[in-house]
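In: Model the structure of this input:
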Amino acid sequence: MRVFADVQEVIAAQGEHLGHTDWLTIDQSRIDKFADATNDHQWIHLDAERAAEGPFGATIAHGFLSLSLLAHFSQSIFSLTKKPQMSINYGLNKVRFLQPVTVGSRVRDAVQLAEVKETPKGYLVTTEHTVEIEGQERPALVAESLGLWVP
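Out: Numbering: from 1, shown residues only. As a prediction, this is how the structure comes out:
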C-alpha cells in the first residue's frame with residue numbers, strides 16, 4: 001500500500017507505477033452471486049458440466065465481474081493521509097477484456113497513476129489497471145479508470 005500525504009503528493013507521482021495488489025481467488029460462489037446481482041445467468045458462467053465441454057474447459061467469470069473488482073483493488077493499492085471530502089467513481093475511458101478468468105483462477109491488479117487533473121469539480125484522477133491472471137501471459141483486462149476527488 002502506497003500512502004500519500006495529500007493530493008499534491010499524488011500529483012507529483014503522475015506516471016508512476018503504484019504497485020500490485022494481493023492475489024484474489026475467483027471461486028464459483030463469487031461468480032454465482034454476480035450472476036444473481038446482474039441477472040446474467042449464461043451457462044458459461046454457471047453450468048460447470050456444460051462449461052467443462054466448452055471453449056474454456058470450465059466456467060468463467062463475467063467480464064464485468066472482473067471489471068467490478070477495480071473498486072476492491074483500488075482500496076488496497078494507495079491511500080491519502082489527508083483525504084478529500086468525497087471520492088467518487090467518475091467512469092472509464094477504455095476497457096478491453098483480453099482473456100477469460102476461469103473458475104479457481106487468482107487475479108491481481110497492477111496500477112499506474114496516469115494523470116491527476118484539477119477541474120472546477122475537483123481532481124480528476126486517471127489510473128490504468130491491468131488485471132493479471134496468475135500463471136497466464138495475457139491479462140484478463142486492461143482499463144483506464146477515472147475517479148473524482150472533491151476537496
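
In: so where do the helices sit in this protein?
Out: Secondary structure of the chain by DSSP state H: the helices cover 7-12, 28-38, 43-46, 48-52, 63-77.

In: List the beta-bridge partners for the residue nearest to residue 58 when sequence neighbours are not counted.
Out: Sequence neighbours aside, residue 102 is the residue nearest to residue 58 in space, at 4.5 Å (criterion: C-beta to C-beta, 6 or more residues apart in numbering). (Glycine included, C-beta is placed from N, CA and C.) With DSSP bridges as the criterion, residue 102 is bridged to residue 60.

In: wait, doesn't residue 102 sit right on residue 59?
Out: Yes - applying C-beta atoms under 8 Å as the test, residue 102 and residue 59 come out as touching, 7.2 Å apart.

In: more crowded one of those two?
Out: residue 59 (27 against 16; other C-beta atoms under 10 Å).

In: Would you mark the buried spots in the longest strand out of those in the chain?
Out: Criterion DSSP state E: the longest strand present in the chain is strand 106-119. When burial is assessed from 16 or more other C-beta atoms under 10 Å, strand 106-119 yields the following buried residues: 107, 108, 109, 110, 111, 112, 113, 114, 116.
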